[in-house]
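> okay, here's the prediction I keep looking at, along with the sequence it came from:
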Amino acid sequence: MTHVRGTIHGKLIELSEDTGLPDGQEVTVFLQPSADITDQQPLPPGDGLRRAFGAWAADAEALDEYLQWNARQRELSRPELEP
C-alpha cells in the first residue's frame with residue numbers, strides 16, 4: 001500500500017507525485033483529510049473542549065454524574081494509608 005497526498009477537485013483527485021501505476025489502472029481509495037498544522041485555523045474559544053468531550057458535550061449533567069460515580073469507585077478501591 002502506498003500513501004500519496006492529493007487535492008480533490010470535484011470528482012477528480014490530483015496527486016502530488018507519480019504513483020508509477022499505468023494510466024487507467026483501477027485503484028481503491030481511502031479518503032482521510034490531511035492534517036497540516038500550517039493550514040489549520042485556530043478554533044473558536046471552547047470548541048476544542050467541545051470536540052474532545054464528544055457525546056458528553058451535549059449532556060454536561062450526565063458527565064458530572066459519571067465523574068462523581070467514578071471518584072466514589074476510586075475511593076472504594078484505594079487501600080488506607082498508614083501514618
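Done, it's in.
> from here on, contacts and neighbour counts on C-alpha atoms
Fine.
> looking at this protein, which helix or strand does the model trust least?
When the helices and strands of the chain are compared on mean pLDDT, DSSP states H and E, helix 47-53 comes out lowest with a mean of 81.
> after that helix comes which helix or strand?
Toward the C-terminus, helix 47-53 is succeeded by helix 60-77 as the next helix or strand (DSSP states H and E).
> contacts for that next one, please.
Outside helix 60-77, the residues that touch it by Cα atoms under 8 Å, 6 or more residues apart in numbering are residue 56.
> number of residues surrounding residue 57?
Neighbours of residue 57 under the rule other Cα atoms under 10 Å: 14.
> quick one: contacts for it?
Residue 57 neighbours (Cα under 8 Å, 6+ apart): 50, 51.
> quick one on the thing from earlier: packing partners for the least confident helix or strand of the chain?
If you count contacts as 3 or more Cα pairs under 8 Å, 6 or more residues apart in numbering; DSSP states H and E, helix 47-53 packs onto no helix or strand.
> that helix: which residues count as buried?
Within helix 47-53, no residue is scored as buried using 16 or more other Cα atoms under 10 Å.
> need the three-state assignment for residue 20.
Three-state assignment for residue 20 (DSSP: H, G, I helix; E, B strand; the rest coil): coil.
> that one and residue 29, how far apart?
16 Å (Cα to Cα, to the nearest Å).
> what does residue 49 give?
Distance from residue 49 to residue 29, by Cα to Cα: 32 Å.
> before we move on, what about residue 50?
Note on residue 50: its distance to residue 29, by Cα to Cα, is 31 Å.
> what does residue 42 give?
29 Å.
> neighbour count winner among these two?
Shown here are residue 42 and residue 29; by other Cα under 10 Å, residue 42 has more neighbours (9 against 6).
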